[in-house]
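*Asks:* below is the sequence, then the predicted model.
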Amino acid sequence: MRYALSKLAHGLFLVLGVTLISFILMVWFGPDQTYTLIGKNANPQQIAEVRHELGYDQPFARRYVDYVAQLFTLNLGASNSSGEPVSRILKRTVPITLALMLPGFILGNLLGIALGLTAAQHRGRWTDHLINGFSVTGMSLSFLVIIILLQVLLSTPYGLNLFPVRGWQVDDPGSYLKYVTVPTLSLILVTLGYNTRFYRAVFVDESGKDHIRTARACGASTATILWKHVLKNSLVPVLTRIMFSIPLIVISGSLLLESYFGIPGIGKATFDAITSGDQPVLKAVVGLTAVAFVLIQILTDLLYRLVDPRIS
């Protein structure tokens, strides 16, 4: 309990620090929306009224406190482009993004772990070289190239023409699988090389430790060594990579996938906000992503104690 409370206190300071940096970059020195809303021919009184309505005449500390309160209450104002409340935009788009990104994220990590274990088991042999070659090839291809190749192969008359090119009309499991397959395969292929290389390095390092050599000398089977000793004792770095990849995959990965495939998730909303300069949406996405990083760090620290009781 004391450990959890100390981590929560540490996390609170981190949240305040991260939100302060986010506030300075996105709000205090962010774009001034006065002339966007009122036009260029306004008189000084009209300008002062709009600036007061936007809160620009408030001191730094007051605006920062209001910003933090908005993030934690999700009272984030309304979009400049559509007038829709930002909280409603998040409520509508985040579930779509999670449904889109989770299959590829989970499968990409599971396949990366499996390939990493296989490469570590056959280190220096042709299997290891083949997996390494596949990983480097996957890392050298850009996300956009992979998306285009899969789309041509699976979604056009030049290939199998099995899946829709764009859109998101999900009403049942069958339609969900139809629309999620190509984006999922794209995400798996673009992340699998990086995942495999990382997990292989972790498992190779663990395989060279004394307790593994002792288990092998005592006649433990290969499966027991890999799953009970190597993987179990590598869970801390594995857990770290998985947990800290979540915000990056959800935001940066979904931004490209949703923009290209026309899927109405948070990535598409962020892309539209960037192109239109929709400050309330951008402010909410950046601020909440920063808070998510801190909360995930706290959760990861707590999970360390579960996977390795030796950690204090």
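*Replies:* Nice, thanks for sending it over.
*Asks:* got the domain boundaries for this protein?
*Replies:* Per automatic domain parsing, the structural domains of the chain span 2-73, 86-277.
*Asks:* of those, which stretch is the most buried?
*Replies:* Mean neighbour count (mean count of other C-beta atoms under 10 Å) peaks for domain 86-277 among the domains of the chain, with a mean of 17. To be clear about C-beta, it is placed using only N, CA and C from the backbone, and glycine gets the same treatment.
*Asks:* how distant is that domain from the center of its chain?
*Replies:* 11 Å (C-alpha atoms, centre = their mean, to the nearest Å).
*Asks:* so which of the domains of the chain gets nearest residue 288?
*Replies:* With C-beta to C-beta as the criterion, residue 288 lies closest to domain 2-73 of the domains of the chain, at 6.3 Å.
*Asks:* how much space between residue 126 and residue 114?
*Replies:* The gap separating residue 126 from residue 114 is 18 Å, by C-beta to C-beta, to the nearest Å.
*Asks:* got any ranges where the stretch 1-150 of the chain has weak pLDDT?
*Replies:* 1-5, 7-8, 11 (pLDDT under 70).
*Asks:* who wins for proximity to residue 303 among the domains of the chain?
*Replies:* Evaluated with C-beta to C-beta, the domains of the chain place domain 86-277 nearest to residue 303, the distance being 5.9 Å.
*Asks:* quick one: end-to-end distance for the closest one.
*Replies:* 14 Å (C-alpha to C-alpha, to the nearest Å).
*Asks:* give me the nearest residue to residue 139, chain neighbours excluded.
*Replies:* Excluding the flanking residues, the one nearest residue 139 by C-beta to C-beta, 6 or more residues apart in numbering is residue 193, at 4.0 Å.
*Asks:* again with residue 69
*Replies:* Nearest in space to residue 69, with sequence neighbours left out and distances taken as C-beta to C-beta, 6+ apart, is residue 75 at 7.5 Å.
*Asks:* separation between the one you found and residue 145?
*Replies:* From residue 75 to residue 145 the distance is 41 Å (C-beta to C-beta).
*Asks:* now the domains of the chain in a markdown table, with distance to residue 305?
*Replies:* Shown next, in a markdown table, are the domains of the chain (distance: least, C-beta to C-beta, whole Å):
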| stretch | distance to residue 305 |
| --- | --- |
| domain 2-73 | 7 |
| domain 86-277 | 10 |
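*Asks:* so which of those comes closest to residue 290?
*Replies:* domain 2-73 (4.3 Å).
*Asks:* what's the spacing between that closest one and its chain's center?
*Replies:* With C-alpha atoms, centre = their mean, you get 24 Å for domain 2-73.
*Asks:* any chance you could map the helices in the stretch 201-312 of the chain?
*Replies:* Using DSSP state H, counting those that start in this stretch, the helices of the stretch 201-312 of the chain run over 210-217, 222-224, 231-233, 235-248, 254-261, 266-276, 279-307.
*Asks:* to residue 55, which of those helices lies closest?
*Replies:* Proximity to residue 55 (C-beta to C-beta) singles out helix 279-307 among those, at 12.2 Å.
*Asks:* ok, now which ones touch the closest residue in space to residue 225 that isn't next to it in sequence?
*Replies:* Once flanking residues are discounted, residue 225 sits nearest to residue 215: 5.5 Å by C-beta to C-beta, 6+ apart. Residues near residue 215 by C-beta atoms under 8 Å, 6 or more residues apart in numbering: 224, 225, 229.
*Asks:* quick check, pLDDT for the second one.
*Replies:* As predicted, residue 225 sits at a pLDDT of 90.
*Asks:* before we move on, what about the last one?
*Replies:* What the model reports for residue 229 is a pLDDT of 88.
*Asks:* so it versus residue 117, what's the distance?
*Replies:* According to C-beta to C-beta, residue 229 stands 11 Å off from residue 117.
*Asks:* residues contacting residue 46?
*Replies:* residue 38.
*Asks:* make 59 the first number, not 1, from now on.
*Replies:* Okay, using 59 as the starting number, the last item reads as residue 104.
*Asks:* doesn't it belong to a strand?
*Replies:* No - counting by DSSP: H, G, I helix; E, B strand; the rest coil, residue 104 falls outside a strand, being helix.
*Asks:* any idea how far residue 132 is from it?
*Replies:* Residue 104 is 31 Å from residue 132, by C-beta to C-beta.
*Asks:* ok, residue 243 next?
*Replies:* For residue 243 relative to residue 132 (C-beta to C-beta), the value is 34 Å.
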